[in-house]
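*Asks:* sequence and computational prediction follow.
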Amino acid sequence: MLSDAPVVRWTGALLAVLVLSAAACSDDAAPAADLGLADAPVTDWEGMPDQLAADVTPTPDGSGGGLPKSCSGSCAKQTLTVIFGSTTVPIERAVYGVDKDAQGKPGIYIEALHGGFTDCPQQSSPTTDRTLVISGLPLPLDTTAITKADGLVVSLLDYKGDLLPTKPVTKATAASVIFVAADVCPTCVGKPAPSHPGGFVALDLSATFPEGTVSGRLYAVHCDSLDL
């Protein structure tokens, strides 16, 4: 989650810099604390007890409960679209990592990316045109809708400036995620990269921002650099 984000989550670090820079110029800029950017120590998943592993991994391969563990064709086609006023732009791809919430319960963290680079985020990665950050997600176990009431947080970072010309980031006022298919392996975290090369999460997102909406299918592949 963003509140637990370690320094390996390079988008979060860039966001903090942008927010602090904007705060120096405007009283309206969102403070870093409101966006949940506090750092937390890295969790040792290799030492997770067998019973906890069983509790969070309902199937032997680590994929989610009743969700399909395969996704191809239209299922895996990302259609995520940003509509802010008269501007409509896509977000072309997404990546995810496995993390924990403030209570230590496993979940996933997602960054949907457009432009900049094509591999997993690293400290040296070029800046994207825009990045959508989704946190507060549990492990994908079923198709129950997840909303802000469940802790879901969705933020959009606009590095190019074509969506948010006066500030670097905006936060959704309402959001809903419905998982479609997933193959997630919490117990793979900490193993040599790529720890889970077949890992993926497919979901449908609907988010409302003060400036407009972000909606569509999101298909994220696993990145060890985003694991907590």
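*Replies:* On my side now, so go ahead.

*Asks:* need the helix or strand of the chain with the lowest average pLDDT.
*Replies:* Ranked by mean pLDDT, DSSP states H and E, the helix or strand of the chain with the weakest confidence is helix 50-56, at a mean of 35.

*Asks:* now the helix or strand that that one is followed by: how far from the chain's centre is it?
*Replies:* Following helix 50-56 in sequence order, the next helix or strand is strand 81-84 (DSSP states H and E). Put simply, strand 81-84 sits 18 Å off its chain's centre (Cα atoms, centre = their mean, to the nearest Å).

*Asks:* listing partners with orientation, what would you give for strand 81-84?
*Replies:* strand 87-90 (antiparallel), strand 212-222 (antiparallel) (DSSP bridges).

*Asks:* mean pLDDT and mean neighbour count added to the ones you listed, as CSV?
*Replies:* All C-beta spots, glycine's among them, are computed from the backbone N, C-alpha and C. Below are these laid out as CSV (pLDDT from 0 to 100; neighbours: other Cβ atoms under 10 Å):
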stretch, mean pLDDT, mean neighbour count
strand 87-90, 97, 13
strand 212-222, 98, 21
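
*Asks:* among the ones you listed, which is nearest Gly97?
*Replies:* Gly97 sits nearest to strand 212-222 of all the strands paired with strand 81-84, at 7.3 Å, using Cβ to Cβ.

*Asks:* can you give me the offset of that closest one from its chain's centre?
*Replies:* Taking Cα atoms, centre = their mean, one finds strand 212-222 lying 10 Å from the centre of the chain it belongs to.

*Asks:* then stretch 174-187?
*Replies:* Distance of stretch 174-187 from its chain centroid, counting by Cα atoms, centre = their mean, is 10 Å.

*Asks:* beta-bridge partners for the nearest residue to Thr81 once chain neighbours are set aside, please?
*Replies:* Spatial nearest neighbour of Thr81, chain neighbours left out: Gly216 (5.0 Å); criterion: Cβ to Cβ, 6 or more residues apart in numbering. Beta-bridge pairing for Gly216 (DSSP bridges): Leu205.

*Asks:* ok, now how distant is Gly216 from Lys167?
*Replies:* For Gly216, the distance to Lys167 equals 24 Å [Cβ to Cβ, to the nearest Å].

*Asks:* where does the protein have low pLDDT?
*Replies:* 1-65 (pLDDT under 70).

*Asks:* what helix or strand does the residue nearest the centre of it sit in?
*Replies:* The chain has Ile110 as the residue nearest its centroid, 1.7 Å off, counting by Cα atoms, centre = their mean. Element membership of Ile110 [criterion: DSSP H and E] is strand 106-114.

*Asks:* past that strand, which element shows up next along the chain?
*Replies:* Using DSSP H and E, the helix or strand that follows strand 106-114 in sequence is strand 130-138.

*Asks:* tell me what the next helix or strand after that following strand is packed against?
*Replies:* The helix or strand immediately downstream of strand 130-138 is strand 146-147, counting by DSSP H and E. With contacts taken as 3 or more Cβ pairs under 8 Å, 6 or more residues apart in numbering; DSSP states H and E, strand 146-147 sits against strand 130-138, strand 174-183.

*Asks:* note down every partner strand of strand 146-147 and its orientation.
*Replies:* When pairs are called by DSSP bridges, strand 146-147 turns out to pair with strand 174-183 (antiparallel).

*Asks:* who touches the strand it pairs with?
*Replies:* The contact list for strand 174-183 (Cβ atoms under 8 Å, 6 or more residues apart in numbering) reads 61-64, 67-71, 75, 134, 137, 140-148, 152-154, 196, 198-208, 217.
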